[in-house]
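**Student:** This is the structure alone, sequence omitted:
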Ligand SMILES: Nc1nc2c(ncn2[C@@H]2O[C@H](COP(=O)(O)OP(=O)(O)OP(=O)(O)O)[C@@H](O)[C@H]2O)c(=O)[nH]1
Ligand SMILES: [Mg+2]
């Protein structure tokens, strides 16, 4: 049985990858102050005593038209969302509610999937006073978190586990797990093309541009 999937999405730079890492308690996804850093969808398993799920980080929705690989990033976000059992829409408390957030919320609602609204960067600001504005998205109670300080992150995980369909029990300890194979090589040598060929789908972004892949992407095979 496939495991339940929670997908993190939102505008560029709201801290999606930071939240992904905070939930995993490991630095997996690349975090950077510039917008549009994440390109591929990066997935990893979150496991707690009460259950487990696959968590997916995605690129920012609504990149500027001149951003390299915009279409490819959007295809990856779409693929991630279509696999989602639950969507975590991340917004930034410091920016407040922006029209771009409203546009994303509208798009997501059309998918008809359950959505959790996550208000990130609730550190060092009077976050409680600013949460109210986000109710107007019509996505229920906004969950305040700080990916940076891991504030609210465990509570969020418990809530995700409650909202997801229970399909996956925590793995037995001591299991061997799958063989881990790394595909490495010179810039533009066709590593991503090879990975896609092996799994039979556009799992990672391929382009002629050297340095397309940024994150290390785990792909079950
Ligand atoms: N103060 C504060 N800063 C944060 C928090 N989470 C992320 N940031 C900062 O926000 C910036 C963007 O973080 P990322 O996690 O790369 O954001 P992202 O949404 O994945 O960005 P893209 O992949 O480019 O769309 C970085 O400078 C982070 O350090 C937080 O909880 N508090
Ligand atoms: Mg990112």
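**Tutor:** Yep, it's here. Source: prediction; values computed, not measured. Numbers count the residues shown, from 1 in each chain. Ligands and ions are numbered 1, 2, ... in the order given.
**Student:** Work out the sheet partners of the strand or helix carrying residue 52 and label each with its direction, please.
**Tutor:** Using DSSP states H and E, residue 52 maps to strand 51-57. The pairing partners recorded for strand 51-57 under DSSP bridges are strand 5-10 (parallel), strand 42-48 (antiparallel).
**Student:** Give me the mean pLDDT for it.
**Tutor:** Averaged over strand 51-57, pLDDT sits at 96.
**Student:** list the helices and strands the next helix or strand after that strand packs on?
**Tutor:** The helix or strand immediately downstream of strand 51-57 is helix 70-82, counting by DSSP H and E. When contacts are defined as 3 or more Cβ pairs under 8 Å, 6 or more residues apart in numbering; DSSP states H and E, helix 70-82 sits against strand 5-10. Backbone N, C-alpha and C define where each C-beta goes, glycine included.
**Student:** and the angle from the strand holding residue 52 to helix 70-82?
**Tutor:** 160 degrees (axes from the mean of the first three to the mean of the last three Cα atoms, to 10 degrees).
**Student:** quick one, which of the strands paired with strand 51-57 is nearest to ligand 1?
**Tutor:** Among the strands paired with strand 51-57, the nearest to ligand 1 by Cβ to the nearest ligand atom is strand 5-10 (6.3 Å).
**Student:** the helices in this protein, which residues?
**Tutor:** Secondary structure of the chain (DSSP state H): helices at 16-24, 70-82, 99-111, 127-131, 153-163, 191-199.
**Student:** Excluding chain neighbours, what is closest to the residue nearest to the spatial centre of the chain?
**Tutor:** Nearest residue to the geometric centre of the chain (Cα atoms, centre = their mean): residue 57, 2.0 Å. Setting aside the residues directly before and after it, residue 57 is nearest to residue 20 in space (Cβ to Cβ, 6 or more residues apart in numbering), at 3.9 Å.
**Student:** OK, contacts around that neighbour?
**Tutor:** Neighbour list for residue 20: 8, 28-29, 42, 44, 55, 57 [criterion: Cβ atoms under 8 Å, 6 or more residues apart in numbering].
**Student:** Give me the pLDDT for it.
**Tutor:** On the pLDDT scale, residue 20 is placed at 98.
**Student:** where's it relative to residue 194, distance?
**Tutor:** 25 Å (Cβ to Cβ, to the nearest Å).
**Student:** Quick one: name the residues of the protein near ligand 2.
**Tutor:** Along the chain, the residues adjacent to ligand 2 under the rule Cβ under 5 Å from the ion are 16-17, 38.
**Student:** ranking those by neighbours, who comes first?
**Tutor:** Counting neighbours by other Cβ atoms under 10 Å, residue 16 comes out on top of those with 30 neighbours.
**Student:** Identify the residues contacting that residue.
**Tutor:** By Cβ under 8 Å, 6+ apart, residue 16 lies in contact with 8-10, 38, 57-58, 60, 90.
**Student:** 7 Å instead?
**Tutor:** Counting by Cβ atoms under 7 Å, 6 or more residues apart in numbering, residue 16 makes contact with 8-10, 38, 57-58, 90.
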